[in-house]
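In: just a sequence and a predicted model for now, questions to come.
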Amino acid sequence: MAPEPKHSESAGSEEPRQPSLLAAILECAGEAVVLTDRDSMIQYVNPAFEVQTGYALKEMLGRRPSVLQSGQQSPEFYRDMWTILLRGDTWRGRIVNRRKDGSLYTAEETITSVCDESGMIRHFIAIERDITDQIRAENALRESEKRFRLLAENMADIILTICPDGGISFVSPSIHRVCGYDTAALFDAPLERLFTDESCLFLRAAAASLAGPATTVRTMDVQVVRRDGSLFWAEAALSRLCEYAGESSSIVVVLRDITGRRKLEEDLRESQKLEAIGRLAAGVAHDFNNLLTVIQGYTALLLENQAGGPGAAKWLGEIAKSTERAASLTSQLLAFGRKQHLRPDYIDLNDGVKGIAAMLAPLLDDRIALVCDLQEGLHTIYMDMVQLEQVLMNLAMNAQHALPDGGVIRISTANLDDTDADAEATASTARDGVLLIVEDDGVGMAPDVQARIFEPFFTTRLLGQGSGLGLSTVYGIVKQSGGDITVESEPGKGTRFRIRLPAAGRLPASPEGESEPPEDAPKGRVLLVHRKGCAQRLLQRALERRGHCVETAADLLEAAELVRQDPQYDLVLAENALPRERAAQFALSLREHNPGTAVLLIQSASIGALAPGDLEALGWEIILKPYAPGVFHRKVEDLIEASRASSAHSGLEAE
């Protein structure tokens, strides 16, 4: 409140007469109201004043408003105020007052001079509103905005928002430091200004898949275009921006430059590749020499038997098999150089053992007997045959070195569900797996050697007699195939390697060999995207026997055309070998025509064309090979149910 001025005239003390309606309004007003005479003696305060200051009406009557002064305002402040009031004008401003308990508060105050008919000032009426909390909130907001501005301007990451029409509606100032753009140059610009075409497709597909609460986040790697045209890789995290009134429209994208990280990853891959090349070259040279030895041996036998006796055809067959294996080894090396992955297939473990046993027999010392104990009716496994042969070859050669005076190498196979002890020995391999045992009765190993047996480059042989990579290669192949390997050995008691591999289910030899689906299992329309061949026919037959209607497409272009013509598919089933850009285009097409359709990708050994971040961005599911048929069918049926529920929900929203 303002201090009172000095007047030469005496002040009247008469009570003002007020209509009852005006009094009721003042009593109910939310703002504090103070009425003084022209000498600033208080004649009335309303209840809001009592609440705001702590002073009751009876305490304030006859006192001056100076009791509220806080000392926060200068004498000039009050001098200017009274200059305005004594002219008969209204003063408005902010003032800091002191409550009865000594605490301070800030008020927005309006003081008006009340004049009589002659223009003489008779009263002053002040109306004030406590804005302490408002100022505190404003200060907090300013501090928050300042912190956010400093954060946005100085952080290494780029923040941008994408509006519903696909344009850029906001970009943080860090864009200038990272990419060279001014923020104004990107306002309302299309995504193509900042990203490559492929990255734009993935961003739009990810944005379209975002729904629900803002806690949903999609992450992916994208290529960003700098102002000078150069490119760099960035990790993009997308989430839906919650607007006012709970509406969600824009997408917020946080970009982080991962050029350094990708460079380190690439350097690591190159380092691992060099190591693998050395390991592969040594293994190929060793195995290739073995194959050549077989070819040379059988060729010599043919030369000795020029007349072509009864054994000639058999010997020629062995030569043909050896040359096929040699071709497989060279193909493996070429595939590695092209960064292509090996091609696993559904195989019978016994076939691999028989094939390698025939090749090993002439290579082993005459004093070593090779015994094969193979159980019939093994579960099918999903593995690369060349890798399986490499495992068996390395283990057999390792066993031979442990038999300097001769002995027995035994290769055994069995189903894990027929050997309870082995099935329970590990939690990482499914119970319906396959057991491969390679054992010898040689010199065995001490515990300290056994502890390091799978370490790369570890060997107990003399310099030049071994690289120390054979068993580490075996370990890597087994782990890559989803299995595990253990070793048991004691000095003088031989060595036993146990390899457990997961079953991939039996290949259906006849319709009677397949189990019937449950009566309540959902049956849907499935679009199978797979290159033509045995695996495609197997998948189609398995799905049709479960009651699904299956249509096939050789690639995504054909699949997209089928979806455009008839979008009512419950599930799209495909290999994870899809070109990245075409996958994003297919995702957009699928979302346009039937957003409820589920997508399931089949992937081998965690190796696929689409990275986990891509799959998350597209909202696609994945199943890893090898898988049990029951797991596969349950996954398919669960996705069909989810697809139908999503389509039904979308239909209700459309209505």
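Out: Looks like it arrived, so ask away. Numbers count the residues shown, from 1 in each chain.
In: hey, let's count contacts and neighbours off CA atoms from now on
Out: OK.
In: next SSE downstream of the helix or strand where residue 617 lies?
Out: In the assignment (DSSP states H and E), residue 617 maps to helix 612-618. Downstream of helix 612-618, the first helix or strand assigned by DSSP H and E is strand 621-625.
In: please name the strands paired to that following strand in the sheet, noting orientation.
Out: strand 598-604 (parallel) (DSSP bridges).
In: what is the mean pLDDT for the partner strand?
Out: Averaged over strand 598-604, pLDDT sits at 81.
In: try stretch 197-216
Out: Stretch 197-216 carries an average pLDDT of 77.
In: touching it from outside, list them.
Out: 166, 191-192, 217-218, 222-223, 238-242, 251, 581, 584-585, 587-588, 591, 614, 617-619 (CA atoms under 8 Å, 6 or more residues apart in numbering).
In: what sits up against stretch 145-160?
Out: 168-175, 178, 252-257.
In: kindly recompute the last result at 10 Å.
Out: Identification of contacts with stretch 145-160 by CA atoms under 10 Å, 6 or more residues apart in numbering yields 139-144, 168-179, 186-187, 234-238, 251-257.
In: make sure residue 557 is actually in contact with residue 587.
Out: No - with contact defined as CA atoms under 10 Å, residue 557 does not count as touching residue 587 (11.7 Å).
In: re the thing from before, just the buried ones from the contacts of stretch 197-216?
Out: 166, 191, 217-218, 222-223, 238-242, 251, 581, 584-585, 587-588, 591, 614, 617-619 (16 or more other CA atoms under 10 Å).
In: which of the contacts of stretch 197-216 fall in helices?
Out: 581, 584-585, 587-588, 591, 614, 617-618 (DSSP state H).
In: what bits of the stretch 201-350 of the chain have low per-residue confidence?
Out: Low-confidence segments of the stretch 201-350 of the chain, defined by pLDDT under 70: 211-215, 242-248, 269-344.
In: same thing but 50
Out: 244-247, 332, 334-341 (pLDDT under 50).
In: repeat that for the chain.
Out: Within the chain, the stretches with pLDDT under 50 are 6-18, 244-247, 332, 334-341, 420-430, 462-468, 506-515, 605-607, 652, 654.
In: tell me the SS of residue 578?
Out: coil (DSSP: H, G, I helix; E, B strand; the rest coil).
In: what is the burial count for it?
Out: 18 (other CA atoms under 10 Å).
In: likewise residue 497?
Out: Per other CA under 10 Å, the neighbour tally for residue 497 reads 18.
In: just residue 183 next, same as before
Out: 14.
In: that one contacts residue 227, correct?
Out: No - with contact defined as CA under 10 Å, residue 183 does not reach residue 227; the gap is 11.9 Å.
In: buried subset of the contacts of stretch 145-160?
Out: 168-176, 179, 186, 234-238, 251-257.
In: could you dump the helix or strand encompassing residue 396 to PDB, C-alpha only?
Out: In the assignment (DSSP H and E), residue 396 maps to helix 385-401. Coordinates of each C-alpha in helix 385-401 appear next as PDB, following Å, rounded to 0.1, in the frame of the first residue of the first chain:
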ATOM      1  CA  MET A 385      26.900 -79.100 -43.900                       C
ATOM      2  CA  VAL A 386      30.300 -77.700 -44.600                       C
ATOM      3  CA  GLN A 387      30.600 -76.400 -41.100                       C
ATOM      4  CA  LEU A 388      29.400 -79.700 -39.600                       C
ATOM      5  CA  GLU A 389      32.100 -81.500 -41.600                       C
ATOM      6  CA  GLN A 390      34.700 -78.900 -40.400                       C
ATOM      7  CA  VAL A 391      33.700 -79.600 -36.800                       C
ATOM      8  CA  LEU A 392      34.000 -83.400 -37.200                       C
ATOM      9  CA  MET A 393      37.300 -83.100 -39.100                       C
ATOM     10  CA  ASN A 394      38.900 -80.900 -36.400                       C
ATOM     11  CA  LEU A 395      37.700 -83.100 -33.600                       C
ATOM     12  CA  ALA A 396      39.000 -86.200 -35.400                       C
ATOM     13  CA  MET A 397      42.400 -84.700 -36.100                       C
ATOM     14  CA  ASN A 398      42.600 -83.500 -32.500                       C
ATOM     15  CA  ALA A 399      41.800 -87.100 -31.300                       C
ATOM     16  CA  GLN A 400      44.500 -88.500 -33.700                       C
ATOM     17  CA  HIS A 401      47.200 -86.300 -32.100                       C
END
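In: in its sheet, what does the next helix or strand after that helix sit against?
Out: Counting by DSSP H and E, the element after helix 385-401 in chain order, helix or strand, is strand 407-415. Sheet partners assigned to strand 407-415 using DSSP bridges are listed as strand 368-374 (parallel), strand 433-440 (antiparallel).
In: make JSON lines from the ones you listed and add mean neighbour count and distance to residue 565 to it.
Out: As requested, the strands paired with strand 407-415 are exported to JSON lines (neighbours: other CA atoms under 10 Å; distance: least, CA to CA, whole Å):
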{"stretch": "strand 368-374", "mean neighbour count": "16", "distance to residue 565": "52"}
{"stretch": "strand 433-440", "mean neighbour count": "24", "distance to residue 565": "43"}
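In: how near is residue 355 to residue 26?
Out: Note on residue 355: its distance to residue 26, by CA to CA, to the nearest Å, is 104 Å.
In: quick one: which of the two has more around it?
Out: Between residue 355 and residue 26, counted using other CA under 10 Å, the more crowded position is residue 26 (18 against 13).
In: pretty sure residue 440 contacts residue 412?
Out: No - counting by CA under 10 Å, residue 412 is not a contact partner of residue 440; they are 11.5 Å apart.
In: any shared contact partners between the two?
Out: Joint contacts of residue 440 and residue 412 (CA under 10 Å, 6+ apart) do not exist.
In: who does the helix holding residue 617 touch, helix- and strand-wise?
Out: helix 197-209, strand 217-225, strand 231-242, helix 580-593, strand 598-604, strand 621-625 (3 or more CA pairs under 10 Å, 6 or more residues apart in numbering; DSSP states H and E).
In: make a markdown table from those and add distance to residue 485 to it.
Out: Output for the helices and strands packed on helix 612-618, formatted as a markdown table (distance: least, CA to CA, whole Å):
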| stretch | distance to residue 485 |
| --- | --- |
| helix 197-209 | 40 |
| strand 217-225 | 35 |
| strand 231-242 | 37 |
| helix 580-593 | 35 |
| strand 598-604 | 20 |
| strand 621-625 | 19 |
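In: I'd like to know which of those is closest to residue 379.
Out: Residue 379 sits nearest to strand 621-625 of all those, at 14.7 Å, using CA to CA.
In: now do the contacts for the closest residue to residue 387 other than its chain neighbours.
Out: Spatially, and ignoring its direct neighbours in sequence, residue 387 is nearest to residue 477 (6.9 Å; CA to CA, 6 or more residues apart in numbering). Residues in contact with residue 477 (CA under 10 Å, 6+ apart) are 383-384, 387-388, 390-391, 471, 483-484.
In: next one: residue 351
Out: Applying CA under 10 Å, 6+ apart, the residues near residue 351 are 357, 374, 385.
In: do I have it right that residue 543 meets residue 522?
Out: No - with contact defined as CA under 10 Å, residue 543 does not reach residue 522; the gap is 11.6 Å.
In: neighbour count winner among the two?
Out: Under the neighbour definition other CA under 10 Å, residue 543 and residue 522 were set side by side, and residue 543 has more, 21 against 17.
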